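Q: have a look; sequence and predicted model below, questions after that.
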Amino acid sequence: MADSDVDEYQKRWEASWNAGLKPGERFDACQSSPALLDLLKRGTVAVEGKRVFVPGCGRGYDPVTFIKAGAKEAIGLELAPSATPAANEYIAAQSVDTSKCYVETGDFFKWKDPAGFDVGYDYTFLCAMHPTMREDWAKAWHGHLSPGGKLITLIFPINPAADPGPPWYIHADMCKELLIPAGTAVDFVTKGGGDKKGPQRLEFRPITDKEASLRVEVESPFRSLRIIVLGFCIASAGIGSLFSLVYILKDGPDAWKNLGINAGVVAVAAWLLRRDLKARGTAVNRVMREGQLGACEVQLQNGRRLRLADLRGSARVVIMVGTREQVEAAVGAAEPFRERLQAAGVLLVPAAIYDQGSGTSDGAAPQASAADLKWVAQPVRLAEWRTWFEQQTKSQGTPTAGGLYISLRLDGRIRASGRGSPPWEQLAAQLPSVSGFFGGFLDGMDGRV
Ligand SMILES: C[S@@+](CC[C@H](N)C(=O)[O-])C[C@H]1O[C@@H](n2cnc3c(N)ncnc32)[C@H](O)[C@@H]1O
């Protein structure tokens, strides 16, 4: 949609409100969705003390609902200037603090609250956007939420036959497809009655550093203990050094020895601490990277779509990335080792995300025959795969020419990565079979499996 068409499209909202849209008319339901009231009543969504944002809030029923449920602030946003006074009039009549609950006029795609929001609520808003605005919608949501913030969307059961909208047909998977590449992870999806019976609730949230740190701590519990002990050593040897300095002034050269010992302890402990902190930082980045990769989806032979994370414990995924020709060549190169690799639970994922030359193709994954699909899974929603790989290659300055590969361990962690085709012969020789009793049992013990 050209910019001028977007403007034209958006002007229609003002026309509706300006014409004097009355409570109960068109999309105005005179109240919040019963599904939202239910979520808040049950405490499934906790908003106490939180800042809540409701774009496209219409007459403002939802900001009032959130403030009454204990939100610290509930701010609505309306594109249509005529909707804002109607909403603020309604809010003022609800006996709530209007300095904490109000509606502003602004465009969701441009307006920005500098503090960010803890909770976002999207209800009959995405479906009101023209389909060409959806990617921007996902990016804008990511920008409106603070780190750790949550977006709740209630997907109203819109009939696909109703297209063209508004309202436009939307569904839960579509939200995932939009939000994940924009950097927002799907936390959980609840179907409150499904498409036909009632709204679906989706909750999305970005992966937080804190969660990644917790995972790293579970993986390496002694490192945290060591960091504390080393910090303690530095502090006590530092204090000892200060005392030694005082004694040098008082007792003369005899105190030099103590000073030397204390300074030595500080230096060694500081070096060890720095090493541990660096290792912890690297591990946190790795966990975040792996978490994001785990959200990418593949389609299996039986048509089932799974996230890579769902394959943990059952497959050793090897991802090949490049142009269609490169990934097809990499799949072909695995053929002589197929039996051994299959016994080791290897699952190939050829992701043709780069067009030759441009590096930004939207080309679909290469088609595999039914027999091939037994060991080749097709990546779905290549945009998510591309986003992940582009982030990694850019941040590490890895050239993408010639293709790349990443092999994952059974537990989903990255085992190895490199340029070109995966080293199939080496993988076939190294990976243990998953069929025996000990298959998978020793995974990770050598740090490479
Ligand atoms: C279908 S109505 C839903 C209203 C409200 N959620 C409700 O349930 O009563 C969509 C609303 O979004 C507003 N809107 C559309 N585009 C917007 C934008 N870019 N920024 C903010 N509000 C927008 C429209 O003015 C309209 O009131």
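A: Done, it's in. Just so you know, these numbers come straight off a predicted model, no measurement behind them. Numbering: from 1, shown residues only.
Q: from now on I want contacts and neighbour counts done on CA atoms only, so please keep to that.
A: Fine.
Q: could I get the full set of strands for the chain?
A: Assigned by DSSP state E, the chain shows strands spanning 51-55, 73-78, 101-105, 117-123, 145-155, 185-190, 200-205, 297-299, 305-307, 316-321, 346-351, 378-380, 404-408, 414-419.
Q: any idea which of the ones you listed scores lowest on pLDDT?
A: For the strands of the chain, the weakest mean pLDDT is recorded on strand 200-205, namely a mean of 48.
Q: counting neighbours, what do you get for Gly397?
A: Residues lying near Gly397 (other CA atoms under 10 Å) number 10.
Q: looking at this protein, which residue is nearest the ligand?
A: Of all residues in the chain, Gly56 sits closest to the ligand, at 3.3 Å by CA to the nearest ligand atom.
Q: contacts only, for that residue.
A: Neighbouring residues of Gly56 by CA atoms under 8 Å, 6 or more residues apart in numbering: 76-79, 108, 124-125.
Q: which residue packs closest to it, ignoring adjacent ones?
A: The shortest distance from Gly56 to any non-neighbouring residue, by CA to CA, 6 or more residues apart in numbering, is to Glu78 (5.0 Å).
Q: from Val54, how far off is the one you found?
A: According to CA to CA, to the nearest Å, Glu78 and Val54 sit 9 Å apart.
Q: still on that earlier bit, reformat the strands of the chain as JSON lines; add mean neighbour count.
A: Formatted as JSON lines, the strands of the chain follow (neighbours: other CA atoms under 10 Å):
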{"stretch": "strand 51-55", "mean neighbour count": "27"}
{"stretch": "strand 73-78", "mean neighbour count": "26"}
{"stretch": "strand 101-105", "mean neighbour count": "23"}
{"stretch": "strand 117-123", "mean neighbour count": "23"}
{"stretch": "strand 145-155", "mean neighbour count": "22"}
{"stretch": "strand 185-190", "mean neighbour count": "16"}
{"stretch": "strand 200-205", "mean neighbour count": "22"}
{"stretch": "strand 297-299", "mean neighbour count": "20"}
{"stretch": "strand 305-307", "mean neighbour count": "17"}
{"stretch": "strand 316-321", "mean neighbour count": "26"}
{"stretch": "strand 346-351", "mean neighbour count": "26"}
{"stretch": "strand 378-380", "mean neighbour count": "23"}
{"stretch": "strand 404-408", "mean neighbour count": "23"}
{"stretch": "strand 414-419", "mean neighbour count": "17"}
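Q: can you list contacts of stretch 85-95?
A: Against stretch 85-95 from outside (CA under 8 Å, 6+ apart): 58-61, 64, 98, 101-103.
Q: going by neighbour count, which residues of that stretch are buried?
A: Buried residues in stretch 85-95, counted by 16 or more other CA atoms under 10 Å: 85-88, 90-91.
Q: do the same with stretch 333-349
A: By neighbour count on 16+ other CA under 10 Å, the buried set for stretch 333-349 is 333-334, 338, 340-349.
Q: what would these look like in CSV with distance to the ligand?
A: What follows is the buried residues of stretch 333-349, written out as CSV (distance: CA to the nearest ligand atom, whole Å):
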residue, distance to the ligand
Ala333, 50
Ala334, 50
Arg338, 52
Arg340, 55
Leu341, 51
Gln342, 50
Ala343, 53
Ala344, 51
Gly345, 48
Val346, 46
Leu347, 43
Leu348, 42
Val349, 38
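Q: thinking again about what came up before, which of the strands of the chain sits closest to Cys30?
A: strand 117-123 (14.1 Å; CA to CA).
Q: from the chain's centroid, how far away is the closest one?
A: Offset of strand 117-123 from its chain centre (CA atoms, centre = their mean, to the nearest Å): 16 Å.
Q: do stretch 345-352 as well
A: The chain centroid and the centroid of stretch 345-352 are separated by 22 Å under CA atoms, centre = their mean.
Q: ok, and what's touching it?
A: With CA under 8 Å, 6+ apart as the criterion, stretch 345-352 contacts 298, 314-324, 326-328, 331, 363-366, 375-379, 382, 385, 433-434.
Q: how about the CA coordinates for it, as CSV?
A: These are the backbone C-alpha positions of stretch 345-352, laid out as CSV (Å, rounded to 0.1, in the frame of the first residue of the first chain):
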residue,chain,number,x,y,z
GLY,A,345,18.8,-39.2,14.6
VAL,A,346,20.0,-36.5,12.2
LEU,A,347,17.3,-34.4,10.7
LEU,A,348,18.2,-32.1,7.8
VAL,A,349,16.7,-28.7,7.5
PRO,A,350,17.6,-27.0,4.2
ALA,A,351,16.8,-23.3,4.4
ALA,A,352,17.1,-21.5,1.1
